[in-house]
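Novice: Predicted model and sequence below, questions to follow.
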Amino acid sequence: MISLIKIDFIICLGGDGTLLYASSLFQKSVPPVMAFHLGSLGFLTPFEVQEFQEQISDVLKGNAALTLRSRLRCIVISSSNNTSNTTNSSTDYENENNSSTTNLLVLNEVVIDRGASPYLSNIDLYLDGKLITSVQGDGLIISTPTVLPAGVELKVRVSPGSRSTAWMSFDGRGRQELGHGDSLRVTTSIYPVPSICARDQISDWFASLAECLQWNVRKKQRVFDDESVEENDDDEVLDS
């Protein structure tokens, strides 16, 4: 197996899922990524494979811009007191001694859902250690730092009175249970994914919207002209 340390350039052939998988292989620094669109949907794959030789040559010559795509650092803390039974004791939720941790970096999102349970999930959210809200519903998606400042830590726990546990997935992978007493801590990672642009950051983004969602592609309303106005006036006279 090739050591990831020796890799200094990545070429992805596929859709966004291929890029997410490549990102998951690098849990620290990521080499520059050149993503070619071969999948059905691709917001993160700006290059067309038909012109790959010319495009790769330009990039290797240094004629390329970079977009640093931020990732989320996720720390799953599994409590030794993890049990599927509900509890109303807050002391179990404050004790994280003798627990194991798992570190993951995600590019798109962390999804927390109720899994196979028929009950709604009850999730407590803490911001830098302070309880900010409780969420009751089918699940929760943590994706971007648009609402919260990039420097804070978000902690997620199953509420003490919740009838069920919750389940987590990271960029659609690594599905695991978030049990009573466990917690998930999310911060902004210091290791972004440097994605090579086909043109520039803004042009690539709006091109992907137009390609994948047919954004701004719709039938336009006809413009009034003098003839149509006269026809409408004649119709009004006849109706009267």
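Specialist: Perfect, thanks for sending it.

Novice: got the domain boundaries for the chain?
Specialist: According to the TED database, the chain comprises the domains 10-65+197-213, 71-82+99-190.

Novice: want to throw those into a markdown table with mean pLDDT, distance to Val223 and mean neighbour count?
Specialist: Backbone N, C-alpha and C define where each C-beta goes, glycine included. As requested, the domains of the chain are arranged in a markdown table below (pLDDT from 0 to 100; distance: least, Cβ to Cβ, whole Å; neighbours: other Cβ atoms under 10 Å):
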| stretch | mean pLDDT | distance to Val223 | mean neighbour count |
| --- | --- | --- | --- |
| domain 10-65+197-213 | 88 | 23 | 16 |
| domain 71-82+99-190 | 87 | 38 | 17 |
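
Novice: could the ones you listed be laid out in CSV, adding distance to Arg222?
Specialist: Listed next are these as CSV, based on distance: least, Cβ to Cβ, whole Å:
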stretch, distance to Arg222
domain 10-65+197-213, 23
domain 71-82+99-190, 38
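
Novice: Read off the pLDDT value for Asp225.
Specialist: Looking at Asp225, its pLDDT is 68.

Novice: next one: Glu94
Specialist: 47.

Novice: For Leu154, see how far away the closest residue to Glu153 other than its chain neighbours is.
Specialist: Distances taken as Cβ to Cβ, 6 or more residues apart in numbering place Thr187 nearest to Glu153, at 5.0 Å, with adjacent residues excluded. Here the criterion is Cβ to Cβ, to the nearest Å. By it, Thr187 lies 7 Å from Leu154.

Novice: Need the distance between the two termini of stretch 169-187.
Specialist: 16 Å (Cα to Cα, to the nearest Å).

Novice: Now do that stretch: distance to the chain's middle.
Specialist: 14 Å (Cα atoms, centre = their mean, to the nearest Å).
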